[in-house]
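Q: What follows is a predicted structure for the sequence shown.
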There are 2 protein chains.
Amino acid sequence: MGVTVGNATPTKGERTREAILDEAARLATVDGLEGLSVGQLARATGMSKSGLYAHFGSKLDLQLAAIEAARQTFVDEVLIPALHAPRGIERLLALCEAFLSHVERRVFPGGCFFAAAAVDVGARPGPVRDAIIEQRRSWLTLLERLAGEAAELGQLGSTADPAQLAFELQALLVAANTSFILQGDASAFGRALAAVHARLQITDPAATSPPRT
Amino acid sequence: MGVTVGNATPTKGERTREAILDEAARLATVDGLEGLSVGQLARATGMSKSGLYAHFGSKLDLQLAAIEAARQTFVDEVLIPALHAPRGIERLLALCEAFLSHVERRVFPGGCFFAAAAVDVGARPGPVRDAIIEQRRSWLTLLERLAGEAAELGQLGSTADPAQLAFELQALLVAANTSFILQGDASAFGRALAAVHARLQITDPAATSPPRT
DNA sequence: CGGAGAATAGCACGATCGTTCTTTTATACT
DNA sequence: AGTATAAAAGAACGATCGTGCTATTCTCCG
């Protein structure tokens, strides 16, 4: 169980393992976590099927490890940048913007990893589904926590049930993701941001970058 | 190209074809449109693979026909009931409620067919993706049209850009769908309805059934 | 009710699926 | 530098994939 955190000299196997998982996470946003196949992943990474397979005892392990890799990428690309913003409504907004940004930048080619995986695996009970549910729950909890912080600071209007607000924000973000991936409609980001601003009753456009188009 | 509309005496082949497609549409909401396999569908319908295959020249044809079958089901189960409501905001609300209802009633076991298919096929160019995009576009256009009608009747507040409103409503509906399918969270319907009512600035709870939980 | 034509089953194909085993190659430590 | 060991490749397995072809069974009309 060698968790590789800040390890100065990662061994060869650890490096390729990480490379495989990054590729797996990317492929999963296109073909789905279930649709992801070992042969295809081997081709994409330039390895042999069995050479690749030596890193994971089974496809299930591979899927779970890919989810963990995607989570780490999500933390690096979305959460950490956003959490630099000052606590309160600005941080909440920064999180929404960071999410939309990572979709637009195609950090994953098929958009948000967890949105894709959630649908792909949604109706299939099992460990993979459980893992996705857990990630989703943790993401919604974060949104809710930031919403709660903004509410405590009195930066939210009357309608400020954090759980309800988190649900609505998540809905808008995922809708923009889908619209962008499916139709290439970049204006969906503007729509989502506009709705987020409206929902947060933001009147001061200088709070963050203003919504557009 | 024998379109079967109101045909009094459908031939045997037409009947089984329809049964196959209904099952295919249902399976596709669980396994995805790509993940749907001929052998699995044969098993589910109690037919042989080739007997089933005789109805469709290829898997692509099967997928496209399944989409059409799902569209028909969606029309019957969601659109037609909702369009009985009086024109304006009531009809718009009825449409949202009918959508949520068809998810809750598990008309498709994996929730909204098009939400599932959109993600499944979102990053894979081809005829199947094009067909899904077309359905989605037509659904959003309907939402937009009903929103526009409500606006014309002066039933919507100031912020009443129909396209923007359609985007937001669609986001809430799909979010409830995902939450329900993934987590079995029936309270998501209440959240979505509450957000829809708030967004439509509905003050008279007698307009339709009030939101709950 | 009998026969023409539609509907379905049986069977086989090459490809790919997930997985295991054995063998070869590359890495890392003393 | 040489060797113990880790990492990757090769080959093969049974199963299932999508897709044809041929044979059998059923349906409906005269």
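A: That came through, no problem.
Q: any idea how far the residue nearest to A:His55 when sequence neighbours are not counted is from A:Ile181?
A: Nearest residue to A:His55, sequence neighbours excluded (CB to CB, 6 or more residues apart in numbering or on different chains): A:Arg17, at 4.9 Å. All C-beta atoms are positioned from the backbone trio N, CA, C, and that covers glycine. According to CB to CB, to the nearest Å, A:Arg17 and A:Ile181 sit 28 Å apart.
Q: Neighbour count: the two, which is higher?
A: A:Ile181 (25 against 19; other CB atoms under 10 Å in any protein chain shown).
Q: In terms of pLDDT, where does that one sit?
A: The model reports A:Ile181 with a pLDDT of 97.
Q: Next: the one 10 residues further on.
A: On the pLDDT scale, A:Arg191 is placed at 98.
Q: Next: the one 4 residues further on.
A: We have a pLDDT of 97 for A:Ala195.
Q: and chain A, which of its residues are near DNA strand C?
A: Residues of chain A lying close to DNA strand C by CB under 7 Å from any atom of the strand are A:11-12, A:36-40, A:49-50, A:53-54, A:57-60.
Q: one more time with 6 Å, if that's ok
A: A:11-12, A:37-40, A:49-50, A:53, A:58-59 (CB under 6 Å from any atom of the strand).
Q: Among the residues you listed, which are located in helices?
A: A:12, A:38-40, A:49-50, A:53, A:59 (DSSP state H).
Q: what does stretch A:143-154 contact?
A: Contacts with stretch A:143-154, where a contact means CB atoms under 8 Å, 6 or more residues apart in numbering or on different chains, come from A:87-89, A:91-92, A:95, A:156, A:160, A:162-163, A:165-166, A:169-170, A:200.
Q: Compare these and tell me which is most surrounded.
A: A:Leu92 (30 neighbours).
Q: gap between A:Arg91 and A:Ala192?
A: In terms of CB to CB, A:Arg91 sits 18 Å off from A:Ala192.
Q: which residues touch A:Leu60?
A: Per CB under 8 Å, 6+ apart, neighbours of A:Leu60: A:127-128.
Q: if I look at it, how far off is A:Leu33?
A: 11 Å.
Q: what touches both of the two?
A: Joint contacts of A:Leu60 and A:Leu33 (CB under 8 Å, 6+ apart) are A:Val128.
Q: Which secondary structure element is home to the residue nearest to A:His55?
A: Element membership for A:Arg17, per DSSP states H and E: helix A:12-31.
Q: What residues sit buried inside that helix?
A: A:16-18, A:20-31 (16 or more other CB atoms under 10 Å in any protein chain shown).
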